[in-house]
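>>> Any chance you could fold what I've pasted below:
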Amino acid sequence: MVRTSRVVTLMAFALLFSWGLAGVFAYFGGQWGTAPATLLSIVYVFGPLIAAILTCKTYGQSIRGTLSISLRPNRWFLIAWLGAPVLAFLSLGTSILLPGVSFSAEMTAMYEAIAQTMSPEEAEEMRRAAAELDTHPAWLWLWQALALGPTLHAIAAFGEESGWRGYLQREFRALGFWRASFVIGLLWGIWYAPLILLGHNYPSAPVVGAFMMVLMTVASSPVLGYVALKGRSVVAAAILHGTLNASYGLSIMFLEGGTEVVYGLLGIAGVVVYLMVDLVIYLLDPEPAPAHSR
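Numbers count the residues shown, from 1 in each chain. All right, here's what the predicted structure looks like:
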């Protein structure tokens, strides 16, 4: 049985914190691509964690047990870590198959995406520095993703995953894995809306991006939920989520044409890849259950 009051309490806390921050930023005329916007995007994602802790306190629940926080490594931690770049490369390949997107050895799409966060002079300097490297930037980005994904990025991802794959996945157990994943993905996407409308992830099309983000969160929710379930820890989902975030550049590195709504892990290409993985999970494990402890 789903305890609706607890779900509502968590979402109320999460929306109050995160939407409140976005509202204050917008009220004072905050502009995306600035230092305050970067700070907002960092703090915003800790809303679900704060909400989960407050909800646990409200109902007298154990925080560590309720949120499935375990730091004991298992093979699913490794699968999450190494699987994220694989998903990024699959999104890259899928992107090339989409209309209006093509392969670019000059890494046009990646440089255009990065240029949106800096001045033209800084963007040009970055291009020159990359051209002078002895190693191809793709290798550097891969090593950066593997190094920062399960560490720095995973900390921020834990801020989200503790609420979604931690608290809500436990509360929605009665719905079954697939329905629970859909509902969690929908709530996750709605929670993200103000940040997306401000310019996060889809700066060239924030309104369309808000809807695209919901599609992405719904499609990726079973993948993250499956890793958390099999790894018996929300930390496994945080590692996957964090490394996916760190791997985004790999999913757009060799592209030209299209926009962030279409290509990469956050676009249509990413949704297609996540849905394919969802299908594989369903075919191999129609009714997922926690893996046996090792």
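
>>> Quick test: name the residue nearest the centre of the protein.
His241 (5.1 Å; C-alpha atoms, centre = their mean).

>>> Tell me the spacing between Glu171 and Arg3.
To Arg3, Glu171 is 6 Å away according to C-beta to C-beta, to the nearest Å. For the C-beta atoms, the positions are set from N, CA and C on the backbone; glycine is no exception.

>>> Show me which of the two is the more surrounded one.
Glu171 (21 against 12; other C-beta atoms under 10 Å).

>>> List the contacts of Thr217.
With contact set as C-beta atoms under 8 Å, 6 or more residues apart in numbering, Thr217 has these partners: 185-186, 188-189, 192.

>>> Filter the residues you listed down to just the buried residues.
For the contacts of Thr217, a burial check counting by 16 or more other C-beta atoms under 10 Å picks out 185, 188-189, 192.

>>> hang on, the earlier thing: check the contacts of Thr217 against Val214 and report the nearest one.
Val214 lies nearest to Gly189 out of the contacts of Thr217, by C-beta to C-beta, at 3.3 Å.

>>> Now do the SS call for Pro286.
coil (DSSP: H, G, I helix; E, B strand; the rest coil).

>>> need the contact list for Leu40.
Contacts for Leu40 (C-beta under 8 Å, 6+ apart) come out as 21-22, 25, 30, 195, 198.

>>> ah, wrong one, I meant Gly176
Counting by C-beta under 8 Å, 6+ apart, Gly176 makes contact with Glu287.

>>> now Leu175
2, 183.

>>> Ramachandran angles for it?
Backbone torsions of Leu175, given as degrees, to the nearest 10, read phi -80, psi -10.

>>> Pull the most distant pair out of the contacts of Leu40.
Pairwise distances across the contacts of Leu40 (C-beta to C-beta) peak at 11.5 Å, for the pair Gly30 and Leu195.

>>> who's more crowded, these two?
Neighbour totals were compared for Gly30 and Leu195, and Leu195 leads with 25 against 16 (other C-beta under 10 Å).

>>> is it true that the residue nearest to the centre of the chain lies in a helix?
Yes. Assigned with three-state DSSP, His241 falls within a helix.

>>> Was I right to think it contacts Glu161?
Yes. Counting by C-beta atoms under 8 Å, His241 does reach Glu161; the two are 5.7 Å apart.

>>> Which residues are in contact with each of those two?
With C-beta under 8 Å, 6+ apart, His241 and Glu161 have common neighbours Leu224.

>>> Now the longest helix seen in the chain: average pLDDT?
When the chain is parsed with DSSP state H, its longest helix is helix 206-231. In this model, helix 206-231 has a mean pLDDT of 98.

>>> again, but for stretch 61-69
Averaging the model's pLDDT scores along stretch 61-69 yields 95.

>>> what comes up buried for it?
For stretch 61-69, the neighbour count (16+ other C-beta under 10 Å) marks 61, 63, 66-69 as buried.

>>> Cross those against helices and list the overlap.
Taking DSSP H, the ones among the buried residues of stretch 61-69 that sit in helices are 63, 66.

>>> For the helix or strand encompassing Ser95, enumerate the helices and strands it packs against.
Assigned by DSSP states H and E, Ser95 falls within helix 75-96. For helix 75-96, the elements it packs on are helix 137-148, helix 206-231, helix 234-246, helix 248-252, strand 255-256, helix 268-284, judged by 3 or more C-beta pairs under 8 Å, 6 or more residues apart in numbering; DSSP states H and E.

>>> Quick one: closest of these to Pro290.
helix 206-231 (5.6 Å).

>>> buried residues in that closest one?
Buried positions in helix 206-231, judged by neighbour count with 16+ other C-beta under 10 Å: 206, 209-210, 212-231.

>>> for stretch 170-185, same thing?
Buried residues in stretch 170-185, counted by 16+ other C-beta under 10 Å: 170-172, 177-178, 180-185.

>>> Can you lay out the residues you listed as a markdown table showing secondary structure, pLDDT and distance to Cys56?
Listed next are the buried residues of stretch 170-185 as a markdown table, based on DSSP: H, G, I helix; E, B strand; the rest coil; pLDDT from 0 to 100; distance: C-beta to C-beta, whole Å:
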| residue | secondary structure | pLDDT | distance to Cys56 |
| --- | --- | --- | --- |
| Arg170 | helix | 94 | 11 |
| Glu171 | helix | 95 | 11 |
| Phe172 | coil | 96 | 16 |
| Phe177 | helix | 97 | 23 |
| Trp178 | helix | 97 | 26 |
| Ala180 | helix | 97 | 19 |
| Ser181 | helix | 98 | 22 |
| Phe182 | helix | 98 | 24 |
| Val183 | helix | 98 | 20 |
| Ile184 | helix | 98 | 17 |
| Gly185 | helix | 98 | 22 |
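
>>> Alright, that wraps it up for me.
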